[in-house]
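J.: sequence plus the predicted model coming up.
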Amino acid sequence: MTQCVRYAVVGLGYITQSAVLPAFAHARRNSELGGLFSSDATKLRRLGRKYGVGHLYGYEDEDYERGLQESGADAVYIALPNDRHREYTERAAALGVHVLCEKPMALSVGDCEAMIEAAQRNRVKLMVAYRLHFQKANLTAVEAIRKGRLGDPRVFESVFTMDVKDRDNIRLKRERGGGTLWDIGIYCINAARYLFREEPEEAFAWTASRGDLRFREVEEMTSALLRFPNDRLAGFTVSFGAADAGTYRVVGTKGDLRLDSAYEYAEKMTMTITIGGKKTTTRTFPKTDQFAPELLHFSDCILTGKEPRPSGREGLADVRVIEALYRSAKKGSPVSLAPSRPTSQPRPAQVIERPGIEEPELLNATPPSGKS
């Protein structure tokens, strides 16, 4: 392999067009775009021309394997619906192709374990696309808590909501892996885990819907509570039927930290830290390209043989919690989680900054809220 990792991108939906494909311009040091896969021939033709990619394929049947081989892919970025992550990870690994998979990693702990095993068996790298593990505001929060600025962190609370207006949006399709916890709740779970640096021991959740026909297959919203070691509590609410919002707050014995627009990738973030109820500092973090850092890190791991952070174990850890929360909501009572060692959580040294990008013109793809 040369010192540049060649990627195939599978799935040309909203996130791929708005962020993943443009990110290759900021990852030229070790990453290049070599192939595109989609079931939409118009997307393939026009996006292939736009990004100068000649290897264009569908991904059904044997087109996937043929395309990976003909395009000379060293790695694949999987941005397919959630229910296809396991299959396309295993098929790529069988060809010796490294895998960078969008989150959620899969729709069950068993599927996650199978993906990890397939990567190990075929000696390929597997990374889950947690872009915030490289983002400065979130890693600044990690460092502030680690250094004890807030004292002993006791409480995490978060809200992440959006108004998914299109009834045909994949987030509202149960069979494709739709649902609030799979799509946006995973951000709150992951943030609580990396800010507390622990794995939850107990989970409790409620789901709610107001009768809107959009929510015939999945819940409109979920509220959840996680108990962590040392009796720390993390609570959050996520919704597909409310105005756009995304923030988290950590409260400790000495102070509290709030991060606004905490989970966004196309907006600036604002952090407010208050110590002793009096001394308040506010810091704004500009919009940056959050996808190029994923490519840069994963390519470095492939080229040097290092284990990616976040690995498949990080993806599995969140799926384990999501499964427990849905079980709790169905039972109407708390669910215990088996003891688990913390994964390799993000650390400040992982910060990679690249300039922000303007969203390009989209082709047969719209954001979840329907806004352009």
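T.: Perfect, thanks for sending it.
J.: make it CA atoms for all contacts and neighbour counts henceforth
T.: Noted.
J.: which strand residues bridge the residue nearest to Ile273 when sequence neighbours are not counted?
T.: Spatial nearest neighbour of Ile273, chain neighbours left out: Leu257 (4.4 Å); criterion: Cα to Cα, 6 or more residues apart in numbering. Listed by DSSP bridges, the beta-bridge partners for Leu257 are Val250, Ile273.
J.: give the contact list for Leu257.
T.: Going by Cα atoms under 8 Å, 6 or more residues apart in numbering, Leu257 touches 141, 150, 249-251, 271-274.
J.: Thr281 in helix, strand or coil?
T.: Three-state call for Thr281 (DSSP: H, G, I helix; E, B strand; the rest coil): strand.
J.: where exactly do the helices run in the stretch 151-300 of the chain?
T.: Using DSSP state H, counting those that start in this stretch, the helices of the stretch 151-300 of the chain run over 180, 186-196, 292-304.
J.: nearest to Lys103, out of the ones you listed?
T.: When these are compared by Cα to Cα, helix 186-196 sits nearest Lys103, at 8.2 Å.
J.: dump that closest one to PDB, keeping only the CA atoms.
T.: Backbone C-alpha positions of helix 186-196 (Å, rounded to 0.1, in the frame of the first residue of the first chain) are rendered in PDB as follows:
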ATOM      1  CA  ILE A 186     -26.700   7.400  20.600                       C
ATOM      2  CA  TYR A 187     -25.000  10.800  20.800                       C
ATOM      3  CA  CYS A 188     -26.300  11.400  24.300                       C
ATOM      4  CA  ILE A 189     -25.300   7.900  25.500                       C
ATOM      5  CA  ASN A 190     -21.800   8.200  24.000                       C
ATOM      6  CA  ALA A 191     -21.300  11.700  25.500                       C
ATOM      7  CA  ALA A 192     -22.400  10.500  29.000                       C
ATOM      8  CA  ARG A 193     -20.000   7.600  28.700                       C
ATOM      9  CA  TYR A 194     -17.000   9.600  27.600                       C
ATOM     10  CA  LEU A 195     -17.600  12.400  30.100                       C
ATOM     11  CA  PHE A 196     -18.100  10.100  33.100                       C
END
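J.: what angle do the biggest helix by length in the chain and helix 186-196 make?
T.: Counting by DSSP state H, the longest helix found in the chain is helix 312-331. For helix 312-331 against helix 186-196, the angle by axes from the mean of the first three to the mean of the last three Cα atoms, to 10 degrees is 120 degrees.
J.: could you name the helices and strands sitting against helix 312-331?
T.: Helix 312-331 is packed against helix 109-121, strand 126-128, helix 186-196, strand 202-208, strand 335-336, with contacts defined by 3 or more Cα pairs under 8 Å, 6 or more residues apart in numbering; DSSP states H and E.
J.: the same query, at a cut-off of 10 Å, please.
T.: With contacts defined as 3 or more Cα pairs under 10 Å, 6 or more residues apart in numbering; DSSP states H and E, the packing partners of helix 312-331 are strand 98-101, helix 109-121, strand 126-128, helix 186-196, strand 202-208, strand 221-228, strand 335-336.
J.: so, low pLDDT: which residues of the chain?
T.: Low-confidence segments of the chain (pLDDT under 70): 1-2, 370-372.
J.: would you mind measuring from the residue of it most remote from its centre to Arg210?
T.: What lies farthest from the middle of the chain is Lys278; by Cα atoms, centre = their mean that is 35.1 Å. Distance, Lys278 to Arg210, by Cα to Cα, to the nearest Å: 41 Å.
J.: re the thing from before, TSV for the helices and strands packed on helix 312-331, including distance to Ala243 and mean neighbour count?
T.: Below are those laid out as TSV (distance: least, Cα to Cα, whole Å; neighbours: other Cα atoms under 10 Å):
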stretch	distance to Ala243	mean neighbour count
strand 98-101	28	27
helix 109-121	31	19
strand 126-128	28	27
helix 186-196	17	23
strand 202-208	16	21
strand 221-228	12	22
strand 335-336	30	19
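J.: list the contacts of the helix or strand containing Leu21.
T.: Secondary structure from DSSP states H and E places Leu21 in helix 21-23. For helix 21-23, the external contacting residues (Cα atoms under 10 Å, 6 or more residues apart in numbering) are 9, 12, 15-17, 31, 33, 36, 47, 51, 289-296, 354-360.
J.: let's see that with 7 Å instead.
T.: 289, 291-292 (Cα atoms under 7 Å, 6 or more residues apart in numbering).
J.: next structured bit after it?
T.: For helix 21-23, the following helix or strand on the C-terminal side (DSSP H and E) is strand 31-37.
J.: may I have that following strand as CSV, with CA atoms only?
T.: Presented in CSV, the C-alpha positions along strand 31-37 are these (Å, rounded to 0.1, in the frame of the first residue of the first chain):
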residue,chain,number,x,y,z
SER,A,31,-6.8,9.7,2.0
GLU,A,32,-8.3,9.7,-1.4
LEU,A,33,-11.7,9.0,-2.9
GLY,A,34,-11.6,6.1,-5.4
GLY,A,35,-15.1,4.6,-5.7
LEU,A,36,-18.8,5.4,-5.2
PHE,A,37,-21.6,3.0,-4.6
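J.: partner strands of that strand, parallel or antiparallel?
T.: Paired strands of strand 31-37, with direction, are strand 5-10 (parallel), strand 56-57 (parallel) (DSSP bridges).
J.: for Ala234, which of the ones you listed is the nearest?
T.: Among those, strand 5-10 sits nearest to Ala234 (Cα to Cα), with 34.7 Å.
J.: list the contacts for Glu198?
T.: By Cα under 7 Å, 6+ apart, Glu198 lies in contact with 228, 342.
J.: in stretch 58-76, what's buried?
T.: By 16 or more other Cα atoms under 10 Å, the buried positions in stretch 58-76 come out as 58-59, 64-65, 67-68, 71-76.
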